[in-house]
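> quick one: sequence plus predicted model below, questions after.
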Amino acid sequence: MIIKDDNELVYEVIHGSISSYEVLIDRYQKTIFNIMLRMVNDTETAKDLTQDLFVQAYEKLGGFNFRFRFFSWIYRMAVNKAIDWNRKRQPTCRIEMVDYQVSDTPVSNDTEIRSNLLHVALLRLDPDYRVLVLLKYYCGLSYDEIQETTGIPLKKVRSRLFIAREQLRKGLIANGFFEND
């Protein structure tokens, strides 16, 4: 089976191939959902935003610029959608009040505790910094790809990631993340 690149699939979708769009959805749905989840911290909201995003992307494909990569285009839309949602929602509680044990069941091991502490530390980051951390370390994008995805100049990407890492480090130290190391 020949695997088509994203832009070829986009071209086919623009010319009427719904099945090509299904391939794009299959290719990126999980990653987009995970970005949304980490940005909005609510599973149902992340599902809704992901679904809305793919509908919105489909409607806007006619204006897609083939000089860019599809993944950068859709990631940027996802990040913007999550940021917009976060700006519009009413805060339901202060982030300091979030318990690092996300589930009702007791946390059973050190890895789970550390994962939850990291999750809370990420939530405490300013959304502009959190986006860059997620794109770099969760999605594995290079600095150039982050620049392309966000439209932020390369020097600013590097400096914001440096600041974000420092803020994460300080927050993790304050919460005892490194105590058992």
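Thanks, I have the structure now.

> go through the least confident helix or strand in the chain by mean pLDDT and flag the buried ones.
Least confident helix or strand, the chain: helix 110-124 with a mean of 76, by mean pLDDT, DSSP states H and E. The neighbour-count check on helix 110-124 (16 or more other CB atoms under 10 Å) flags 112-114, 116-118, 120-124 as buried. All C-beta spots, glycine's among them, are computed from the backbone N, C-alpha and C.

> and the strands in the protein?
Counting by DSSP state E, one finds no strands in the chain.

> can you pull the domain assignment for it?
For the chain, automatic domain parsing gives the domain ranges 1-92, 94-175.

> any idea which of those domains has the lowest pLDDT on average?
Mean pLDDT across those is lowest at domain 94-175; the value there is a mean of 76.

> check the offset of it from the chain's centre.
10 Å (CA atoms, centre = their mean, to the nearest Å).

> against residue 27, how distant is the residue nearest to the spatial centre of the chain?
The chain has residue 35 as the residue nearest its centroid, 2.5 Å off, counting by CA atoms, centre = their mean. Distance, residue 35 to residue 27, by CB to CB, to the nearest Å: 14 Å.

> what's the answer for residue 76, then?
Distance from residue 76 to residue 27, by CB to CB: 16 Å.

> tell me where the protein has helices.
Taking DSSP state H, the helices of the chain run over residues 6-14, 18-40, 43-60, 70-88, 110-124, 127-133, 143-150, 154-174.

> can you name the residues in contact with stretch 147-161?
Stretch 147-161 is contacted from outside by 68-69, 71-72, 75-76, 79, 128-129, 131-133, 135-136, 141, 143-144, 146, using CB atoms under 8 Å, 6 or more residues apart in numbering.

> go again with 6 Å.
Here stretch 147-161 makes contact (CB atoms under 6 Å, 6 or more residues apart in numbering) with 72, 75-76, 129, 132, 143, 146.

> stretch 29-42 too?
Against stretch 29-42 from outside (CB under 6 Å, 6+ apart): 46, 49-50, 78, 82, 85, 123, 134.

> for it, output the C-alpha coordinates as CSV.
Included here for stretch 29-42 are C-alpha records, laid out as CSV according to Å, rounded to 0.1, in the frame of the first residue of the first chain:
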residue,chain,number,x,y,z
GLN,A,29,-6.9,12.8,15.7
LYS,A,30,-5.1,11.3,18.7
THR,A,31,-2.3,13.9,18.7
ILE,A,32,-4.7,16.8,18.3
PHE,A,33,-6.9,15.3,21.1
ASN,A,34,-3.9,15.0,23.4
ILE,A,35,-2.8,18.6,22.7
MET,A,36,-6.4,19.8,23.5
LEU,A,37,-6.5,17.7,26.7
ARG,A,38,-3.2,19.1,27.9
MET,A,39,-4.4,22.6,27.1
VAL,A,40,-7.9,22.5,28.5
ASN,A,41,-7.5,19.8,31.2
ASP,A,42,-11.0,18.3,30.6
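
> fine, thanks again, bye for now.
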